[in-house]
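Enquirer: no sequence on hand, only this structure:
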């Protein structure tokens, strides 16, 4: 499909395995994208840094879909793990899997609060024991595993010559730390890693051909990715701390279990959210719980914060930065409101698609000697010419605004396709809202050209914010009937009824010049998410 801002560019992704950017196959040749991302070990509440991964891959999925791909997305929960067992002992929980189940529920609460769309599958280790046992048997049958002196099953890294290809580490680099491992004497080589751990008193275990035990950490993702995506799939993602040993060992297991398959063709690793000074935010050290942050801030502001840097660059946590983004998000929401007020938009009265409107507008512009056609404008973009320069400063205002939307979507999609550069795309979004607001000051809804340009601007905002996963309420409200929209803008339900009562009380207080009481009521309204905005047309509520 040709878009009004030009054909979507091919998506290029930095592959950690090959250490270079690679072009993803076009949608007509490869219509479905398969993605597996390592999920959390659920034994505590998650911190802000834990959420960078799911928010980023949520946008990756949206970007692929915007290019016309279908996406099959899998992310797991580790509910059997050494850390899980230790935490259960620490808090007096007899069953580590039950402890994990409770925190899976808590994780979902935080995840969906941030607007992350559901994965196709959320597999857990504890529900895939049979598949794990069969996979370990396959690795052993292929000559890459053995039973150690402690009755655990280990992977023989010497049998896999490509070991450490992902991390680029050297075998000798692993010796000192491996020799200190308590299981070193049970292995043929202290650097070998566990596929199946022999049972210990007080730990969960399952019967197996090698005796009771539980899975090693790394085997779970090789098994579950193969089950839900097949032994070869497109993208495997995770935090950079997983590159070694977890992802390195996943590759070894998968290639030795299915030597004729690719396993993951592209490996992606995101950087951390760090504290001031560069220290990684971690469960075992200093951290800031996402739940505590969401009590104070709009979840969509936190999304913008997590997307404010390229995924392969660190993000320094800063309340000052989040406060700045709060104001930016308010400007974005206000721009939605200004556009809908300008258009007096009603879903039951206007059924034209914004792209259909844009197509007709481009036809009209192409017949106007004073206005450049879409193709020529896009050619200027391709040549690096930008709006508000001597070579591209279109008039009148409606033509300028349509060109601004075209440029924003042209550049945003190039950022998205350039290794998922969300930072650049967010910048284009906020540049666009500044241009929309300045244009609205000069436009009239009674002018058909201005009206159509505003419709295109609103559609452009919907398109970009949908990919970034923000302004969901504003987007959904567009498709309500007028009555439903009024109710939605009130917040709905008991909160709206309370706000109406408080607003009447505030107006009475102002009329009697009791401004202290009026200010107190304003503060109470803010506590339920209702911001009072006074204007020449009277006060109104903006729901947060």
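Expert: Yep, that arrived. Quantities reported herein were computed from a predicted structural model and do not represent experimental measurements. Residues are numbered from 1 along each chain as shown.

Enquirer: going forward, measure contacts and count neighbours with C-alpha atoms only.
Expert: Fine.

Enquirer: now the helix or strand where residue 137 lies: mean pLDDT?
Expert: Here residue 137, judged by DSSP states H and E, is contained in helix 129-141. Helix 129-141 comes out with an average pLDDT of 98.

Enquirer: what packs against that helix?
Expert: Here helix 129-141 touches strand 145-147, helix 219-229, helix 248-257, going by 3 or more CA pairs under 8 Å, 6 or more residues apart in numbering; DSSP states H and E.

Enquirer: so what's the gap between that helix and the chain middle?
Expert: 33 Å (CA atoms, centre = their mean, to the nearest Å).

Enquirer: about what we covered before: now the helices and strands packed on helix 129-141 as a markdown table including mean neighbour count, distance to residue 197 and mean pLDDT?
Expert: Listed next are these as a markdown table, based on neighbours: other CA atoms under 10 Å; distance: least, CA to CA, whole Å; pLDDT from 0 to 100:
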| stretch | mean neighbour count | distance to residue 197 | mean pLDDT |
| --- | --- | --- | --- |
| strand 145-147 | 21 | 10 | 98 |
| helix 219-229 | 22 | 11 | 98 |
| helix 248-257 | 24 | 15 | 98 |
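
Enquirer: relative to residue 56, which of these is closest?
Expert: Shortest distance between residue 56 and those, using CA to CA, is found for helix 219-229: 19.5 Å.

Enquirer: what's the angle between the closest one and helix 129-141?
Expert: On the basis of axes from the mean of the first three to the mean of the last three CA atoms, to 10 degrees, helix 219-229 is oriented at 110 degrees to helix 129-141.

Enquirer: just checking, what packs against helix 219-229?
Expert: Counting by 3+ CA pairs under 8 Å, 6+ apart, helix 219-229 packs on strand 32-37, strand 70-75, helix 129-141, helix 248-257.

Enquirer: the last one packs against which elements?
Expert: Packed against helix 248-257 by the contact rule (3+ CA pairs under 8 Å, 6+ apart) you find helix 129-141, helix 219-229, strand 263-270.

Enquirer: try it again at 10 Å.
Expert: On a contact count with 3 or more CA pairs under 10 Å, 6 or more residues apart in numbering; DSSP states H and E, helix 248-257 meets helix 129-141, strand 153-155, strand 193-198, helix 219-229, strand 263-270.

Enquirer: please identify the most buried of the ones you listed.
Expert: Of all the helices and strands packed on helix 248-257, strand 153-155 carries the top mean neighbour count, a mean of 27, counting by mean count of other CA atoms under 10 Å.

Enquirer: could you point out which element follows that strand?
Expert: helix 175-179.

Enquirer: mean confidence (pLDDT) on that next one, please.
Expert: 78.

Enquirer: what does that helix contact?
Expert: With CA atoms under 10 Å, 6 or more residues apart in numbering as the test, helix 175-179 has contacts from 184, 185, 189, 190, 191, 192, 193.

Enquirer: go again using 7 Å as the cut-off
Expert: 184, 190, 191 (CA atoms under 7 Å, 6 or more residues apart in numbering).

Enquirer: any low-confidence regions in this protein?
Expert: Along the chain, the model assigns pLDDT under 70 to residues 1, 283-285, 345-352, 479-497, 535-537, 542-544.
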